[in-house]
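Engineer: Predicted model and sequence follow; I will ask about them next.
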Amino acid sequence: MEFFRFKHDIPFMSWGKYTTVISLVTFIVSVFFLVTKGLNLGVDFTGGTVMEVSYTQPADLNRIRGTLIKLGMADASVQNFGTSRDVLIRLPAKADMSSAKLSETVIAALRTEDEATELRRVEFVGPQVGKELVENGALALLIVSLGIVAYLAIRFEWKFGVSGIIANLHDVVIILGFFAFFQWEFSLTVLAAILAILGYSVNESVVVFDRIRENFRKMRRASVSQVIDNAITRTMSRTIITHGSTQMVVVSMLLFGGESLHYFALALTIGILFGIYSSVLVASPLLMLLGVSRKDIVKPEKKPEPEAVP
Amino acid sequence: MNRYPAWKYLLIAVSILLGLLYTLPNFYGESPAVQISPLRTTAKADAGLLNRVEEALKEASLPTSGTFLEGGSIKVRLADTDTQIKARDTLQSLLGNGYMVALNLLPNSPQWLASIGALPMYLGLDLRGGVHFLLEVDMKGALSKALDRFGSDIRGSLREKKIPYAGLDKRGSLIVVKFRNAESRAQAGAEIKKNYPDLDLREENVGTEFHLAATLRPEAQKRIQDAAVQQNITTLRNRVNELGVAEPIIQQAGADRVVVQLPGVQDTAKAKDILGRTATLEVRMVDEEHDLSAALRGQIPFGSELYNERGGGPLLVKKQVVLTGDRINDAQPGFDNNNQPAVHLNLDNSGARIFQQLTRDNVGKRMAILLIEKNQAEVVTAPVIREEIGGGRVQISGRMTSEEARDVALLLRAGALAAPMDIVEERTVGPSLGAENIESGFNSTLYGFAAIAVFMTIYYSVFGFISVLALGVNLLLLVGLLSILQATLTLPGMAAIALTLGMAIDANVLINERIRDELREGMAPQAAINAGYERAWATILDSNITTLIAGIALFAFGSGPIKGFAVVLCLGIMTSMYSAVMVSRGFVNLVYGSRRKLERVSIGQVWKPVTSKR
């Protein structure tokens, strides 16, 4: 079986104008939503308390809200989580109340209403810690980006490094745009997913770049765009199959991973889909834009030393 | 060309065998157990204790499935959690305060596996349930306390050298000593410089007064802060022991933070209460020179403070602290000669010396023992010193019930915090959620693996099947490695296992596609296999290194569960490079390598374009 049968090289590079427009538009739209709607940052980053409680029968959210209002926590958000019996309560960080005691007060109050209330999870993050997690996250993103640029620059050439990382940061911004648009919760695990996908999608660019380098050596008379078209066409099948198989695992996570892994898997899915697109249709046009040429790759060969003829 | 030397096959076989061996304990599961550890050096867990434990359990007719002595503690394996709790209660009442009796889970794997160090993976709190706290030490508090101590020491030295001074107070991070003339200031300056190298001195003239301002040197500040964190960690460890947690983790995180992880703890309220206590004990002298009734009217004499005595009236107590709680080695509840509840203290050497001197110099006077909890000080007792007390054995008896005596003893035994601490992060996971998380992590991996296996076998037939075998080896090695390293496995870590499987198959797809490519170009099968593996290797290395960069950055900057994700990701990438390239090549060589005339290989259909050559 073979899915992909390309008779001729696909002229990807001649589509450069369209793909640049598409990328720019999705990018701008993502930035727009990031700016206007912002990310729905989880408790990891904002500080505050999240409690997951579970009831034996479907939970009455209004009664829970009432109990919380009686405790003076009118700004708490109460919603179902996964099933109708599980409830997620979010309490914003408060300066005056001893935050560690907060969850105890709440669960005690809920237990007076219904004794069988089970406390499944508490997460409390102090505002200071939250700020540090944001800083560390941003720093990790920066270090990963720089590390990848440096690696690609050493392994190939700086133009490859720059276009590789721009293409993949474009993916990151789009993932963030999705999270902003749908107001999905952005937590530490989602950040981890994004960083992992950053490292992973670069793979794709690496594979294409590898072929481009090889082609520059082999296809001596072809133009730069022909070289790139051929490289992309020949790696296409592999690109789609590898991403597809990674996506199979991610789908399995989406289906069986439960609520805790839901957004993690979602971020990976978007990252993988856009990773295919960007490494093929963003990184390579960028490479051309930066003016890559055979000279960058194939160092002028030294003339063979004349053999000593006896 | 597609043959491996014998040592390569041997290496692959050995690695698979080791992977199997160390993965094995994960299949046995865990059973509830009770762990008994001695809390003091006087108490020992030995064969005698083992006998006592066994007999007590037999008497209470609680069946066990094995009791044994291991690593200085006794472990009792029990059938179910119900018996486990009963056994804990029985044993705690039998053994008393000298031992910690904690609930635990013990791996069911056979002894021979444990003896070669094969243990199940170490599950994080989000998988096994428990509490994680991040506590922050209040450094300002620690420094302010240190300054107080310096202040009272300077007072003492100046008095001893008979250098007159007009006053001494603390202003923020400064100690300001006032003098009437420049001479005594110079004298005092020299004295302080000599005795307290940790202080920086500056002379100031304010109006007609001559001031000497002392600040802590930065290196001294750092030392004090480090010491405060270290002491708090020790104290927390003692307190956690009192809580009875089998495998607590207490470690420093950053300059001023401490991580406390208590697996399996359900009663988080009690845990927080005991951890969060900032009780300190101070021994001071009662101020008997001044008038109490005047003080009650608001004229509190300089250098003294007004406190309430437990169950008694107000009391004037000198500010100067003679002895603090860190000098206490042990504290036990008990009774005094009059059969009143009391706390028996055992001081360390230096504490004993100070106490002996104090009691020798102050026979007939009253001293006060203060318990300071959450900035609220209370005089527990203010006994009259009858005689010199040597040897460091001190009895505190006052108006206490035996209940209170036990609490005070526990608090003192658990030690004092050098500086107050705040909980800045808490993550609690209930046991049922933990079990669900394990299940969802396991299922994601299982079904993901199954989907890949089916697809690969159909798409690449024999080569696909070999890739799946290699992927299985990868999983085996990864789990084995995690078990050997005892790295903490979290839910994101389980997600990383699944994810690395998805990424690992990349390498095999890459290789298989390359082989097809070469076949398409018309290369002979044997040569195509060889070329495919050789050429794919550089690409595999490149692509894995970029993911590795991300993994390392996540490890460096991530915290808690994210670190778990990063560890698994990095390990998974490394095992995948080994298994996808070396192990799968090994299988391929076994299948095809020995055939001299290989007509075709089973790698699925290789489609050739009609115009294959341009």
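Structural biologist: Nice, I can see it. Quantities reported herein were computed from a predicted structural model and do not represent experimental measurements.
Engineer: Return the set of buried residues in stretch B:455-465.
Structural biologist: Going by neighbour count (16 or more other CB atoms under 10 Å in any protein chain shown), the buried part of stretch B:455-465 is B:455, B:456, B:457, B:459, B:460, B:461, B:462, B:463, B:464, B:465. Every residue, glycine included, has its C-beta placed from N, CA and C.
Engineer: closest to chain A among these?
Structural biologist: residue B:459 (5.6 Å; CB to the nearest CB).
Engineer: Please tell me I have it right and that closest one contacts residue A:241.
Structural biologist: Yes. The pair residue B:459 and residue A:241 passes the contact test of CB atoms under 8 Å, sitting 7.3 Å apart.
Engineer: what does the stretch 201-310 of chain A have sitting close to chain B?
Structural biologist: The stretch 201-310 of chain A comes close to chain B at residues A:202-204, A:206-207, A:210, A:234, A:237-238, A:241-242, A:244-253, A:255-258, A:260-261, A:264-265, A:268, as judged by CB under 8 Å from any CB of the partner chain.
Engineer: Could you turn the buried ones of the residues you listed into a PyMOL selection?
Structural biologist: The following PyMOL selection, which keeps only the buried ones among those, applies the criterion 16+ other CB under 10 Å:
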select buried, chain A and resi 202+203+204+206+207+210+234+237+238+241+242+244+245+246+247+248+249+250+251+252+253+256+257+258+260+261+264+265+268
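Engineer: among the residues of the stretch 201-310 of chain A next to chain B, which are in helices?
Structural biologist: The helices, defined by DSSP state H, take in A:202-204, A:206-207, A:210, A:234, A:237-238, A:241-242, A:244-253, A:255-256, A:264-265, A:268 from those.
Engineer: Need the mean per-residue confidence for stretch A:134-145.
Structural biologist: The average of the pLDDT scores along stretch A:134-145 is 87.
Engineer: That stretch and chain B, are they touching?
Structural biologist: Yes. Stretch A:134-145 comes into contact with chain B when judged by CB under 8 Å from any CB, the residues involved being A:136, A:137, A:139, A:140, A:143, A:144.
Engineer: care to break chain A down by domain?
Structural biologist: The record, using automatic domain parsing to delimit domains, assigns chain A the ranges A:12-41+A:129-295, A:48-125.
Engineer: So, low pLDDT: which residues of the stretch 401-550 of chain B?
Structural biologist: Along the stretch 401-550 of chain B, the parts satisfying pLDDT under 70 run over B:407, B:410-418.
Engineer: mind redoing it with 80?
Structural biologist: B:401-420, B:431, B:543 (pLDDT under 80).
Engineer: On the three-state scheme, the residue nearest the centre of chain A is what?
Structural biologist: With distances taken as CA atoms, centre = their mean, residue A:194 lies nearest the centre of chain A, 2.9 Å away. When the structure is split into helix, strand and coil by DSSP: H, G, I helix; E, B strand; the rest coil, residue A:194 lands in helix.
Engineer: Please identify the helix or strand for the residue of the stretch 151-300 of chain A at minimum distance from chain B.
Structural biologist: Residue nearest to chain B within the stretch 151-300 of chain A (CB to the nearest CB): residue A:199, separated by 2.9 Å. Following DSSP states H and E, one finds residue A:199 within helix A:188-218.
Engineer: Please name the residues that touch whatever residue of the stretch 401-550 of chain B ends up closest to chain A.
Structural biologist: Going by CB to the nearest CB, chain A is nearest to residue B:550 of the stretch 401-550 of chain B, at 2.9 Å. Contacts for residue B:550 were tallied using CB atoms under 8 Å, 6 or more residues apart in numbering or on different chains; they are A:144, A:147, A:148, A:195, A:196, A:198, A:199, A:200, B:569.
Engineer: From residue A:156, how far off is the first one?
Structural biologist: Spelled out, it's residue A:144. Between residue A:144 and residue A:156 the computed distance is 18 Å (CB to CB, to the nearest Å).
Engineer: Looking at these two, which one has more neighbours?
Structural biologist: residue A:144 (28 against 22; other CB atoms under 10 Å in any protein chain shown).
Engineer: Helix, strand or coil: sort out the more buried one for me.
Structural biologist: Looking at residue A:144 with three-state DSSP, the answer is helix.
Engineer: How about residue B:330?
Structural biologist: At residue B:330 the chain is in strand, as set by three-state DSSP.
Engineer: Report the beta-bridge partners for it.
Structural biologist: Beta-bridge partners recorded for residue B:330 (DSSP bridges): residue B:346.
Engineer: Touching, residue B:153 and residue B:196? I think so.
Structural biologist: Yes. At 7.3 Å, residue B:153 counts as touching residue B:196 under the criterion of CB under 8 Å.
Engineer: for the nearest residue to residue B:152 once chain neighbours are set aside, what are its contacts?
Structural biologist: Sequence neighbours aside, residue B:320 is the residue nearest to residue B:152 in space, at 5.2 Å (criterion: CB to CB, 6 or more residues apart in numbering or on different chains). Residue B:320 sits next to B:152, B:155, B:284, B:285, B:303 when contact means CB under 8 Å, 6+ apart.
Engineer: Residue ranges of each domain in chain B, please.
Structural biologist: B:6-23+B:430-593, B:30-108, B:140-218, B:279-416.
Engineer: Ok, which of the ones you listed comes nearest residue B:423?
Structural biologist: Distances from residue B:423 to each of the domains of chain B were compared using CB to CB; the shortest belongs to domain B:279-416, at 13.6 Å.
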